[in-house]
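predicted model, plus sequence, below.
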Number of protein chains: 2
Amino acid sequence: MNDTFLRACRGEKVEYTPVWLMRQAGRYLPQYQAVRANVDFITLCKTPELAAKVTLQPVNILGVDAAILFSDILIPVEAMGVYLTFSDKKGPVLSEPVRNRSAVDRLIIPDVGEDMPFILETIKTLRRELENKVPLIGFSGAPFTLATYMIEGGSSKNFIHTKRMMFQHSGVFSCLMEKLTATVISYLSAQINAGVQAVQIFDTWAGILTPRDYEEFALPYVKLVVDALKSEQRAKSKEQRVESSVPIIYFANDCAGILKEVKKTGADVIGIDWRIDMADAIKRLGKKVVVQGNLDPCALFLPKEKIEEKVKDILWKGESAKGHIFNLGHGILPETPVENVIAMVEAVHKYGKKE
Amino acid sequence: MNDTFLRACRGEKVEYTPVWLMRQAGRYLPQYQAVRANVDFITLCKTPELAAKVTLQPVNILGVDAAILFSDILIPVEAMGVYLTFSDKKGPVLSEPVRNRSAVDRLIIPDVGEDMPFILETIKTLRRELENKVPLIGFSGAPFTLATYMIEGGSSKNFIHTKRMMFQHSGVFSCLMEKLTATVISYLSAQINAGVQAVQIFDTWAGILTPRDYEEFALPYVKLVVDALKSEQRAKSKEQRVESSVPIIYFANDCAGILKEVKKTGADVIGIDWRIDMADAIKRLGKKVVVQGNLDPCALFLPKEKIEEKVKDILWKGESAKGHIFNLGHGILPETPVENVIAMVEAVHKYGKKE
């Protein structure tokens, strides 16, 4: 197996810098659009053979070093008992946002096998079809990010409802966060048991918090998730008398102001968005950290020579960390030209070779 | 005159930390809404007596240490020959975004006195009506931020059009930036000549750039503006044989990743948004810098005791800089309770007293 990605996550020696892309399965790929032409987004997420199909597309087309489960960040939110609609334009919309105690009380902590069986099915299909070609990454939204969607009822500009609940009804907020944390733990744990070889926790909206608020309202719950997954792994290793360790990647978008706090999550790999220089990020995180990132997704609109330059710059900076997985600093944009993405992956493999 | 704000901008000794708020004149004030009930937004901006009236409201209601000219960031963009509409929901919309050479060529560099006389009239009215109670701040958008509105046609999520032009048609982009820079210089210079006692340059969208791209595509133009205004000031001081210096405040939103670069603008005061800890920002900028900020606008939804706590924390951190002007880390939100804003201003004045 090409386990370069997994070894890089663990800070082990690798022959070249591995690369995958956030949202690598998606609208920029004509092959993805061909699948979507016959099925709506949420059905695609919930149909294992189709979800597996689009998960594999970028592995074959781009030659990336990892596959990431195709799904939506709000799948577990829906499973908690919230009614969701997905529109191509607006993204996910909750008709009844979760804004008070009784709404929080109504939420259930889903049983993954029963309430989201398609996720586990997709993972099993993928492990079979990947034939150990590259590792499979599972994922979940972080508790805080899932909370923002629940409270705002979708995406938001100023996140007033979220912050109001945080500040004015902190009891209700922490109740919600505890339920979300339990859900995320069982969701990721089930994904690991079904076969994913690494997990990424997406904290898309962590960056809207002050560092102090992040430390109080978001960080503790991420730590609970990381700790729970790690202790499960330890127990499993002991029981099965083999080393079992699934790397945990934590990506907080817009993290430049909260890096010191982000480090405290205890995640194995810290994802870095494009708004901070990689060298600066590593300097602040310390060189014992494995990092992932951080090309501006818009840089993929550049001519190929310019993309190469930017790739080289990030690779060079990544060298100073304990390990580096190349990625974008945020999800790939639907308008991105596929040939440029291929050129980027090739550039990483070419210039990321170790002597 | 209460010139505490101006002295703080210059890093001079003050009796207490001065405070004003970005968007302090606006929708959260019932008195503002009363004025707006009879007139649309753009007419309000362009009617000197009304613009002056709403500018004065927060000075009287909140007791802040500076007034800021009420206007819209896109007024000079419109004067450059772009057709704009303002909607309460969507904000400003350009029916024909500026996306190619011929559109850029058509833009004019406005004559402030001829094309935006109402701005100068408002300033003169305000200086008269303020009777030197507190200083008057003028403002402009930074060239890059104005460019994003022009290119995107309004606000944006990923700023793809802007970055595409930056990356793929850098000649057209720099042409646009040069015209915008000339416009901003003459706009701010005219405001200063009409009587504003400080200026703030708002770079609302600077934070969407990588540090390297910021340094290449945004910073040089801010520097040109700062340098031009400073050299005009020096010439005036020489000519009139009196010290004439109008402090320049530069606020780049989401600045945590670009602070090192932001410092290079040469602005007298650096505005800090709420996503970075004030102590951390000062540490990175160096203690010789005067800072402004940085309470999370959403903190104004907290109970008053909690607001006080947050104010004290920022005041305490601000002490380590050469000077500190208290402000929010972004514009005040329309939903903000006025009594909380008053409590915040009182807390700054109470806890910001110097021994």
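Now that the structure is in, tell me what you want to look at. Numbering: from 1, shown residues only, chains lettered A, B, ... in the order given.

how about the residues of the stretch 51-200 of chain A near chain B?
A:158-160, A:163-164, A:167-168 (Cβ under 8 Å from any Cβ of the partner chain). C-beta here means a position set from N, CA and C on the backbone, and glycine is covered the same way.

go again using 7 Å as the cut-off
Contact residues, the stretch 51-200 of chain A versus chain B (Cβ under 7 Å from any Cβ of the partner chain): A:158, A:160, A:163-164, A:167-168.

looking at the residues you listed, which is nearest residue B:271?
Distances from residue B:271 to these, taken as Cβ to Cβ, are shortest for residue A:158 (18.1 Å).

hmm, that closest one is touching residue B:334, no?
No. Contact criterion Cβ atoms under 7 Å: residue A:158 and residue B:334 do not qualify, at 9.5 Å.

quick check: which ranges of chain A have low pLDDT?
Counting by pLDDT under 70, chain A has low-confidence residues at A:243-244.

for it, which segments count as strands?
A:67-68, A:84-87, A:91-94, A:136-141, A:198-203, A:248-252, A:269-271, A:290-295, A:323-328 (DSSP state E).

narrow the residues of the stretch 51-200 of chain A next to chain B to those in helices?
Residues of those located in helices (DSSP state H): A:160, A:163-164, A:167-168.

got TSV for the residues you listed, with neighbour count too?
Shown next, in TSV, are these (neighbours: other Cβ atoms under 10 Å in any protein chain shown):
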residue	neighbour count
A:160	18
A:163	25
A:164	17
A:167	20
A:168	13
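
could the strands of chain A go into a markdown table alongside mean neighbour count and distance to residue A:109?
Formatted as a markdown table, these follow (neighbours: other Cβ atoms under 10 Å in any protein chain shown; distance: least, Cβ to Cβ, whole Å):
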| stretch | mean neighbour count | distance to residue A:109 |
| --- | --- | --- |
| strand A:67-68 | 26 | 25 |
| strand A:84-87 | 14 | 17 |
| strand A:91-94 | 17 | 18 |
| strand A:136-141 | 24 | 14 |
| strand A:198-203 | 25 | 18 |
| strand A:248-252 | 26 | 21 |
| strand A:269-271 | 25 | 26 |
| strand A:290-295 | 25 | 29 |
| strand A:323-328 | 28 | 31 |
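
tell me which of those approaches residue B:240 most closely.
Smallest distance to residue B:240 across the strands of chain A (Cβ to Cβ): 50.6 Å, for strand A:290-295.

contact partners of that closest one?
Strand A:290-295 is contacted by residues A:8-9, A:11, A:249, A:268-274, A:278, A:281-282, A:285, A:310-311, A:314, A:318, A:321-325, A:327-329 when judged by Cβ atoms under 7 Å, 6 or more residues apart in numbering or on different chains.

so which of the residues you listed are also by chain B?
residue A:274.

I'd guessed residue A:284 sits against residue A:259; true?
Yes. Counting by Cβ under 7 Å, residue A:284 touches residue A:259, with 4.8 Å between them.

more neighbours: which of those two?
Ranked by neighbour count (other Cβ atoms under 10 Å in any protein chain shown), residue A:284 and residue A:259 place residue A:259 first, with 24 against 16.

quick check: the more buried one touching residue A:285?
Yes. Residue A:259 is within contact range of residue A:285, at 5.9 Å (criterion: Cβ under 7 Å).

and of the strands of chain A, who's closest to residue A:149?
The closest of these to residue A:149 is strand A:91-94. By Cβ to Cβ, the value is 6.6 Å.

ok, the closest one: who's next to it in the sheet?
When pairing is defined by DSSP bridges, strand A:91-94 lines up against strand A:84-87 (antiparallel).

what's the strand it pairs with in contact with?
A:41-42, A:74, A:77-78, A:92-95.

let me know the closest of the residues you listed to chain B.
Closest approach to chain B among the contacts of strand A:84-87 (Cβ to the nearest Cβ): residue A:92, at 15.1 Å.

run through the bridge partners of that closest one.
Residue A:92 forms beta bridges with residue A:86, as assigned by DSSP bridges.

spit out the contact partners of it.
By Cβ under 7 Å, 6+ apart, residue A:92 lies in contact with A:74, A:84, A:86, A:149, A:154.

kindly recompute the last result at 10 Å.
Neighbour list for residue A:92: A:41-42, A:72-74, A:77-78, A:82, A:84-86, A:149, A:153-155 [criterion: Cβ atoms under 10 Å, 6 or more residues apart in numbering or on different chains].

among those residues, who's most crowded?
Going by other Cβ under 10 Å, residue A:149 tops these with 26 neighbours.

now that residue: how far from residue A:6?
Residue A:149 sits 30 Å away from residue A:6, going by Cβ to Cβ, to the nearest Å.

could you do residue A:288 as well?
Residue A:288 is 19 Å from residue A:6, by Cβ to Cβ.

equivalent analysis for residue A:224, please.
Look at residue A:224 and residue A:6: by Cβ to Cβ, they are 24 Å apart.

show me which of those two is the more surrounded one.
Neighbour totals were compared for residue A:224 and residue A:6, and residue A:6 leads with 23 against 17 (other Cβ under 10 Å).

if I pick the more buried one, what's in contact with it?
A:12, A:14, A:18, A:65-66, A:134-135, A:137, A:197-198, A:245-247, A:325.

now swap in residue A:285 and tell me
Counting by Cβ under 10 Å, 6+ apart, residue A:285 makes contact with A:255, A:259-260, A:262-263, A:270, A:272, A:291, A:321-322.
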